[in-house]
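Novice: A predicted structure for the sequence below; I have some questions about it.
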Amino acid sequence: MNYNQARSFIYKNARPLDLARWKYLFEGGSKEDVLTALAAYQNEDGGFGHALEPDCWNPESSPIQTWVATEIIKEVGLEEKDHPIIQGILQYLASGKDFDGHTWANTIASNNNVPHAPWWDYDPAAEASYNPTASLITFILKFADRESGLFTLARTLVKEAYSYFKAHFPMESVGNVSCFVKLYEYLKENSADTLIDLTEFRALLQQQIRHVITYDTSIWATEYVCKPSTLIGSKASDFYAENQEICAYECEFIENTQKPDGTWAITWSWEDYDYPEEWSISKNWWKSDWIIKYIRYLKTIR
């Protein structure tokens, strides 16, 4: 794997946010620089938009885009509950916007008015999804005031989410599964506040992960598939030991499939879906994001 080529691509092509993330993760850069760049995507209602998730160029706040922000907050280890970005997100989640009483919306109506991938089309008849709700619950439990109505709501939503998980087991949606893994990991780390049977949850997730990982590695470089890095972020994961062999294979895959410009193939596209120019820009953004993801995975798993 050519680190310098990857670095060169980031410096030449990445959004300011992803350049700041790169510097923070690999070059001793500033957490504050990441947060300053991230804040540019936050709206007055506290939610996030403006193509923070590069496949949807909606400037309006949405749960998915806000979830992406929470992942970056986790990435840089922001813990200050009174930080303006965190307080803004809590304000958005508490407002009831894009929330039906049980889940935050996976897509919102205004997506259809802007360049976006077809999977972010808004369909009012679509089935409820726990992507990103199961993950947003963990953000609330971590940062909300324990005396707040939002915190109380999140405790109820944990039980609802787990009931949904068991009723729909095994799931086909990798996005849903990923969010449930994050929910499990948070609850395990905060076991004093356990609301569900984590032993049972872990056993079911072991099976669920085996169900959705694509073990046909011959298509990894050309198709949008579920690789272990989507669900298993480190050797400390409860799901690493059982999947150690396929995790090690992914490290080899990363090493062997880097392109001469330092990037890896983006294996999905929406250039044929009315927005070829916007997709060409988003694809470049994704390349930077995947460089960061893959190099971080190598450093964590190797």
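Specialist: Perfect, I can see it now. Keep in mind that this is a model prediction, so the values were computed, not measured.
Novice: send the alpha carbons of the host helix or strand of residue 251 over as CSV?
Specialist: Assessed by DSSP states H and E, residue 251 sits inside helix 244-257. Once non-C-alpha atoms are left out, helix 244-257 reads as follows in CSV (Å, rounded to 0.1, in the frame of the first residue of the first chain):
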residue,chain,number,x,y,z
GLN,A,244,-10.5,-12.9,12.0
GLU,A,245,-9.7,-14.7,8.8
ILE,A,246,-11.9,-12.6,6.6
CYS,A,247,-10.7,-9.4,8.4
ALA,A,248,-7.1,-10.4,7.6
TYR,A,249,-8.1,-11.1,4.0
GLU,A,250,-9.6,-7.6,3.8
CYS,A,251,-6.2,-6.1,4.8
GLU,A,252,-4.6,-8.0,2.0
PHE,A,253,-7.3,-6.8,-0.4
ILE,A,254,-6.7,-3.2,0.6
GLU,A,255,-2.9,-3.7,0.1
ASN,A,256,-3.4,-5.2,-3.3
THR,A,257,-6.1,-3.1,-4.9
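Novice: the inter-axis angle of the next helix or strand along the chain from it versus helix 244-257?
Specialist: Sequence order places helix 276-301 as the next helix or strand after helix 244-257, per DSSP H and E. Angle between the axes of helix 276-301 and helix 244-257 is 130 degrees (criterion: axes from the mean of the first three to the mean of the last three C-alpha atoms, to 10 degrees).
Novice: report the buried residues of helix 276-301.
Specialist: 278-279, 282-298, 300-301 (16 or more other C-beta atoms under 10 Å). C-beta coordinates here come from the backbone N, C-alpha and C atoms, glycine included.
Novice: which neighbouring elements make contact with it?
Specialist: With contacts defined as 3 or more C-beta pairs under 8 Å, 6 or more residues apart in numbering; DSSP states H and E, helix 276-301 has these neighbours: helix 3-13, helix 16-26, helix 244-257.
Novice: can you list contacts of the second one?
Specialist: So the one you mean is helix 16-26. Helix 16-26 has contacts (C-beta atoms under 8 Å, 6 or more residues apart in numbering) with 7, 10-11, 14, 29-31, 33-34, 36-38, 40-41, 52, 72, 75-76, 285, 288-289, 291-292, 295-296.
Novice: next, the buried residues of stretch 87-98.
Specialist: Within stretch 87-98, judged by 16+ other C-beta under 10 Å, the buried ones are 88, 89, 90, 92, 93, 94, 97, 98.
Novice: the first one sits in which helix or strand?
Specialist: Yep, that's residue 88 we're talking about. Residue-wise, residue 88 maps onto helix 84-94 under DSSP H and E.
Novice: packing partners for whichever helix or strand comes after that helix?
Specialist: As assigned by DSSP H and E, the chain's next helix or strand after helix 84-94 is helix 133-143. In this structure, helix 133-143 makes packing contacts with helix 63-75, helix 84-94, helix 149-167, helix 174-189, judged by 3+ C-beta pairs under 8 Å, 6+ apart.
Novice: follow-up on the earlier one: pull out the buried residues from the helix holding residue 251.
Specialist: Neighbour counts over helix 244-257 (16+ other C-beta under 10 Å) mark 246, 247, 249, 250, 251, 253, 254 as buried.
Novice: the fifth one and residue 170, how far apart?
Specialist: In this case it means residue 251. Distance of residue 251 to residue 170, given as C-beta to C-beta, to the nearest Å: 26 Å.
Novice: ditto for the first one
Specialist: As defined by C-beta to C-beta, residue 246 lies at a distance of 18 Å from residue 170.
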